[in-house]
Every structure is written in structure tokens, then in C-alpha cells.
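Asks: generate coordinates for the sequence data below:
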Amino acid sequence: MAFKNMPSQPMARTLELALRLGHVKRIPLEKRNGVENSDIENQFSHLLILDFESTCWKNRGTAPPPEIIEFPVVLLDLSSGEILAEFHEYVMPTENPRLSEFCTELTGISQDTVDNGIPLKTCLHLFNKWIRSVVEQFGLVLDNSKGPGNMYTCCTWSDWDLNLCLENECRRKQIIKPLELCSWIDIRSVYRRFYQRRPHGLNGALRDLGVEFEGREHSGIVDARNTAKLVYKMILDGCILKQESREEVDLDAQIGAAAPNKDKPRSIFTVSPPKRKKKLFGPRIYAKENLDNVKIQVPT
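Replies: Down below sits the predicted model:
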């Protein structure tokens, strides 16, 4: 999304000044190294990592609903960190076809680019063809209970992409959302709980782990590739992603179980799509994280 990784300008200026004065001390994040349980492995072998860009306006309070203008997906192999395949299309907005100056400046996407793009319905049709080809090529399955295969799911930086932007736009335009895009891991939420800290955007999350962000921020395909780098780094640090079931989960109980416990080698909680819908607009757009179905095991 256009807004989700925007840095705070006052904070950025403060950090720049502190760096110039030599008053910044970087403290590496503690790795929870209880990885001696080698029999515990990620249930997912691959992730579809998405990062949409949408129409946006400087004044969010009076802005119309966002429409996707860039639709990037990368297929990440969790065993190697390699990006195996990419899907990337620019999408033509139809409700508000003129991009704001703010949107073009933030995303780098020009009016000509979206004018030459394709409608969302066509984009999803092409995505369906692409996902069928990579599923066949790499032997992927959404649910391994229905047969053997390499299990995969989607992954996004926050709930915005799939729970808000695509969900609401498909409803407004009466488009069927692909099954593959109906469940996902919110890696921002996982990051917060795994490292026990709040990241300052995707760039900040990478920087805190000593990984460099490559490319232009707020380019959807660039953000998706960098999210893939972040996920693989988290896997190397011992983050375990497991899907237990599709049943309702007691969120409070799960988060409570994730609290550090010296008596247990690992802590467990779950992450998945939320059960309740969020409001499309408002200052608390990220107030609810998606937390059930996928188990994260945090080494201690």
C-alpha cells in the first residue's frame, strides 16, 4: 500500500542529525536461539509474497476508496531464500482513473502506466493462469491434507493488501477473489512477536536485522522482493511457520501462550486472516492484526 511504509519525517531528521553527531548506538536484536529441536520444521515450503500499490491522496480523510494500480507477486522458496517466479502487472483504476500528484510521487507510477494497464478482473484472470502454472511446476498445494505436495500460502506486510484493499475492491466491482488470496500470513505481526519489537516500516524492519533494502521504496515489486528477503532472514533466525487448522482460535489465549516462558523451549501463537471485517478508512486501519491458523514457534 502507498501509506503503510511511509517514514516519519521528523523522526528521519532526528535520526540523521543523531548519526551526524555520533550519538546513535545500534543494538542488535537478540536472536532466540533455542533451535536445538531440529525435528520442528516449517510446514510451508513456499510463500506467495504480495505488495500492492493503490491510488492514494495526500488528504486521507476525504480520499475515495483505493484501487490497486500495481499487482506484484513473488514465489519464495523458504529452504533457499530464492525467488522462483514472479507475477507483475500494472492495473488500470476505473472508479477514479486520474492519479493524484501525491500518488505518482510516492509510488513512481505514472498516469501513462496505469492508462496502459489492465482492469483488475483481467489481472486476476492472468494471476489465476500464472498460479496454476507455478503450482504444477513446483508441486505446490494449499492444503496437504488433500494430497502430498509442497504447502504454500500468501504473505504480506500487514493485513492491508488482502483483507482491505483487494477484498473491498472485489466487492465493489463484483469480482470473485481467487481462493489462493483468501488466506495469508501477516509478516509484520509475526515480526513484532518474534523479535519482541515494533518495526519502523519494512525498510526499518530489514535495517534492524542488518539487511539492506534494495531498490525504490513504494514500488510494489521492489517491496515484495524485499519482503521476501525479510521472511528468509526470519526463517534463518529460527522463526517457524506452521498451520495447525482452519478452526476458530482463541486469540487471547494464543497470544498469552506466546509470552516468554523460561520453563518451555519454545512459545507458540497463531497468525491468519481475521474473522471480522475492518472499516475501510480511519486512523486505526491496522488496529487488528490477523492471528489464527498459522503457528509461529519462537525459540528461546
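Asks: quick one: mean pLDDT for the helix or strand harbouring Leu75?
Replies: Leu75 is part of strand 68-77, with elements assigned from DSSP states H and E. Across strand 68-77, pLDDT averages out at 98.
Asks: now do the helix ranked longest in the chain: which elements does it pack against?
Replies: In the chain, taking DSSP state H as the definition, the longest helix is helix 120-138. Other elements packing on helix 120-138 under the criterion 3 or more C-beta pairs under 8 Å, 6 or more residues apart in numbering; DSSP states H and E are strand 68-77, strand 83-90, helix 167-173. The way it works is simple: take the backbone N, C-alpha and C, and place the C-beta from them, glycine included.
Asks: which parts of that helix are buried?
Replies: For helix 120-138, a neighbour-count test (16 or more other C-beta atoms under 10 Å) marks Leu120, Cys123, Leu124, Phe127, Trp130, Ile131, Val134, Val135, Phe138 as buried.
Asks: can you check stretch 54-74 too?
Replies: 54-57, 66-74.
Asks: and those residues, which two are furthest apart?
Replies: Spanning the widest gap among the buried residues of stretch 54-74 are Trp57 and Val74, at 28.0 Å by C-beta to C-beta.
Asks: if we ignore the residues flanking it in sequence, what's nearest Glu86?
Replies: Val74 (5.1 Å; C-beta to C-beta, 6 or more residues apart in numbering).
Asks: from Arg172, how far off is the most centrally placed residue in the chain?
Replies: Closest to where the C-alpha atoms of the chain average out (C-alpha atoms, centre = their mean) is Thr156, at 1.5 Å. Taking C-beta to C-beta, to the nearest Å as the measure, Thr156 falls 20 Å from Arg172.
Asks: avg pLDDT for stretch 237-247?
Replies: 68.
Asks: could you shift the numbering so residue one becomes 281, and keep it that way?
Replies: Right, with 281 as the first residue, what we last looked at is stretch 517-527.
Asks: quick one on the thing from earlier: what's the closest of the buried residues of stretch 334-354 to Ala365?
Replies: Nearest to Ala365 out of these is Val354 (C-beta to C-beta; 7.4 Å).
Asks: please enumerate the strands of this structure.
Replies: 326-330, 333-334, 348-357, 363-370, 420-421, 430-436, 464-466, 520-523, 546-551, 574-579 (DSSP state E).
Asks: tell me which strands and helices the first one is in contact with?
Replies: Using 3+ C-beta pairs under 8 Å, 6+ apart as the contact criterion, the secondary-structure elements in contact with strand 326-330 are strand 348-357, strand 430-436, helix 500-516.
Asks: got the contact list for the closest residue to Asn483 other than its chain neighbours?
Replies: Sequence neighbours aside, Phe493 is the residue nearest to Asn483 in space, at 4.5 Å (criterion: C-beta to C-beta, 6+ apart). Contact partners of Phe493, counting by C-beta atoms under 8 Å, 6 or more residues apart in numbering, are Leu482, Asn483, Leu486, Arg487, Asn506.
Asks: drop anything exposed from those residues.
Replies: Going by neighbour count (16+ other C-beta under 10 Å), the contacts of Phe493 have Leu482, Asn483, Leu486, Asn506 buried.
Asks: of the residues you listed, which pair is most distant in space?
Replies: Maximum distance among the buried ones among the contacts of Phe493 (C-beta to C-beta): 7.8 Å, for Asn483 and Asn506.
Asks: count the neighbours of Glu321 for me.
Replies: Counted by other C-beta atoms under 10 Å, the residues lying close to Glu321 total 13.
Asks: which strand residues bridge the nearest residue to it once chain neighbours are set aside?
Replies: Nearest non-adjacent residue to Glu321, counting by C-beta to C-beta, 6+ apart: Ile520, 7.4 Å away. Note on Ile520: beta-bridge partners Gln577, judged by DSSP bridges.
Asks: and Ile520, how far from Asp488?
Replies: In terms of C-beta to C-beta, Ile520 sits 20 Å off from Asp488.
Asks: between these two, which one's more packed in?
Replies: The neighbour count for Ile520 versus Asp488, taken as other C-beta under 10 Å, is higher for Ile520 (21 against 17).
Asks: correct me if wrong: that one contacts Leu358.
Replies: No. Between Ile520 and Leu358 there is no contact under C-beta atoms under 8 Å: 10.6 Å.
Asks: overlap in contacts, those two.
Replies: Shared contacts of Ile520 and Leu358, counting by C-beta under 8 Å, 6+ apart, come down to Asn322.
Asks: so, low pLDDT: which residues of this protein?
Replies: Within the chain, the ranges that satisfy pLDDT under 70 run 281-292, 304-320, 522-580.
Asks: I appreciate the help and will end here.
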